[in-house]
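Undergrad: can't give you the sequence, but here's the structure:
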């Protein structure tokens, strides 16, 4: 899936040009913000399903109640954004003179609805992870994006005129549709009346108590990791956002593999902790951190060697200058991500959200402040540097420390 979003670059650039491609990049960067529409229920539901499987209990009612909460949030947020679309569109897309003010509002609303649909439908993927069928969480979205790619290829082959709004619609709608159809087909099996009877206050409250920490962590993570493109949309010119995105996507190919492994390990960790099996968890941790670092280093070496050719190929002959040191910086950043995300998954699989609530707000603050002040003097280097500083000051050392504390405490209890 990450590879497909990478190879679609020359196709989209050929359809809408480099300037409109930057708008597409900005739209895609907003996905993390709109995925918050799931209220943290995806992570909470995944843990509940894993626990129910160990205890051999039914969990269908939790799925129904989670969908009810997400649907309610979707309708409320959609109405709010419909009212604010013109203002938000003008603010976000202010530097793009090729789009009229009216078009900016409608484009912002289209992007918002599509990405919220995607974020809402992604709960089916978390259900599959909880059931230890994580392969479906990769195969099904990949199938949807293949359909999108083929549709765009047909448009390009037939020389049909298209706009950035149409490209965004074609890219995201198929995967949204497929995931929603699968989700509601699962509910249809027992009928709508039975689903309604499953909605109960005690289950809603249990889900809320489990999901709110995940949502807060997700929100602060988005502020930390996704504010960069919003800042770049206001301060970075001369295709700087395209350069940043191109290197980010190339490095993310390696990190995507590692993320998929961590997502699959989440329910395994949850079951291990249910059995108090720390040795297995730590064994996985050591093994996969080493693997992740090696993959990132290999990707850096490949990118430094072949980036001029890759950029020329992917950007359809449009020239942009990419410094090797910028690629190395991205490699260091992704090694930090391998390290911290591994310990983050361990803590989340235990429902231990307190370390995130204490530290991630600081990281989000540092990220926004350093990126904002560094971007004016250093451009995209300042954006990436500010992001790296926020990691070094906070979660790089704190999350491993907390995992170690929990390990020592529980091992002492076992000995006693």
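TA: Nice, I can see it. Model, not experiment: these values are computed from the prediction.

Undergrad: which residues of the stretch 201-350 of the chain fall in helices?
TA: 201-235, 240-274, 278-314, 324-349 (DSSP state H, counting those that start in this stretch).

Undergrad: Domain map for this protein?
TA: Here the domain parsing of the chain from automatic domain parsing is 1-199, 227-416.

Undergrad: could those go into JSON lines alongside mean pLDDT, mean neighbour count and distance to residue 209?
TA: For the C-beta atoms, the positions are set from N, CA and C on the backbone; glycine is no exception. Formatted as JSON lines, these follow (pLDDT from 0 to 100; neighbours: other C-beta atoms under 10 Å; distance: least, C-beta to C-beta, whole Å):
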{"stretch": "domain 1-199", "mean pLDDT": "84", "mean neighbour count": "18", "distance to residue 209": "9"}
{"stretch": "domain 227-416", "mean pLDDT": "86", "mean neighbour count": "17", "distance to residue 209": "10"}
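
Undergrad: Just give the closest residue to residue 269, not the sequence neighbours.
TA: For residue 269, ignoring the flanking residues on the chain, the nearest one in space by C-beta to C-beta, 6 or more residues apart in numbering is residue 349 at 3.7 Å.

Undergrad: Look up how far residue 247 lies from the one you found.
TA: Going from residue 349 to residue 247 by C-beta to C-beta, to the nearest Å gives 31 Å.

Undergrad: again with residue 135
TA: 29 Å.

Undergrad: re the thing from before, surely the residue nearest to residue 269 meets residue 270?
TA: Yes: with contact defined as C-beta atoms under 8 Å, residue 349 reaches residue 270; the gap is 4.5 Å.

Undergrad: Of the helices of the stretch 201-350 of the chain, which is nearest residue 370?
TA: Among the helices of the stretch 201-350 of the chain, helix 201-235 comes nearest to residue 370, with 10.6 Å by C-beta to C-beta.

Undergrad: Excluding residues flanking it in the chain, which one is nearest residue 98?
TA: Using C-beta to C-beta, 6+ apart and skipping residues adjacent in sequence, the residue nearest residue 98 is residue 19, 6.6 Å away.

Undergrad: And residue 64, by the same measure?
TA: residue 198 (4.1 Å).

Undergrad: so what's that neighbour up against?
TA: The contact partners of residue 198, by C-beta atoms under 8 Å, 6 or more residues apart in numbering, come to 60, 61, 64, 65.

Undergrad: What about those, which are in helices?
TA: Residues of the contacts of residue 198 located in helices (DSSP state H): 60, 61, 64, 65.

Undergrad: now those as TSV including distance to residue 95?
TA: Output for those, formatted as TSV (distance: C-beta to C-beta, whole Å):
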residue	distance to residue 95
60	49
61	49
64	45
65	43
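
Undergrad: what's the closest of the residues you listed to residue 227?
TA: Within the ones in helices among the contacts of residue 198, the smallest distance to residue 227 is 32.0 Å, found for residue 65 (C-beta to C-beta).

Undergrad: From residue 316, how far out is that closest one?
TA: Distance from residue 65 to residue 316, by C-beta to C-beta: 48 Å.

Undergrad: so residue 292 touches residue 345, yeah?
TA: No: taking contacts as C-beta under 8 Å, residue 292 lies outside contact range of residue 345: 11.8 Å.

Undergrad: Residue 377 is nearest to which of the helices of the stretch 201-350 of the chain?
TA: Of all the helices of the stretch 201-350 of the chain, helix 201-235 comes closest under C-beta to C-beta, at 10.5 Å.

Undergrad: which helices and strands does that closest one pack with?
TA: Under the contact criterion of 3 or more C-beta pairs under 8 Å, 6 or more residues apart in numbering; DSSP states H and E, helix 201-235 touches helix 2-29, helix 31-34, helix 41-55, helix 60-92, helix 240-274, helix 354-378, helix 380-393.

Undergrad: Past the last one, which element shows up next along the chain?
TA: Moving toward the C-terminus from helix 380-393, the first helix or strand encountered (DSSP states H and E) is helix 395-415.

Undergrad: ok, and what's touching that following helix?
TA: 276, 278, 282, 336, 339-340, 343-344, 346-347, 350, 352, 355, 359-360, 363.

Undergrad: what's the answer for stretch 299-312, then?
TA: Contacts of stretch 299-312 with the rest of the structure, by C-beta under 8 Å, 6+ apart, involve 246-247, 250-251, 253-254, 319-320, 322, 324, 327-328, 330-331, 334.

Undergrad: Centre of the chain to it, how far?
TA: 24 Å (C-alpha atoms, centre = their mean, to the nearest Å).

Undergrad: cool, and stretch 145-156?
TA: For stretch 145-156, the distance from its own C-alpha centre to the chain's C-alpha centre is 23 Å (C-alpha atoms, centre = their mean).

Undergrad: Number the residues from 484 up from this point.
TA: Fine by me, first position is 484 from now on; the one you just mentioned is stretch 628-639.
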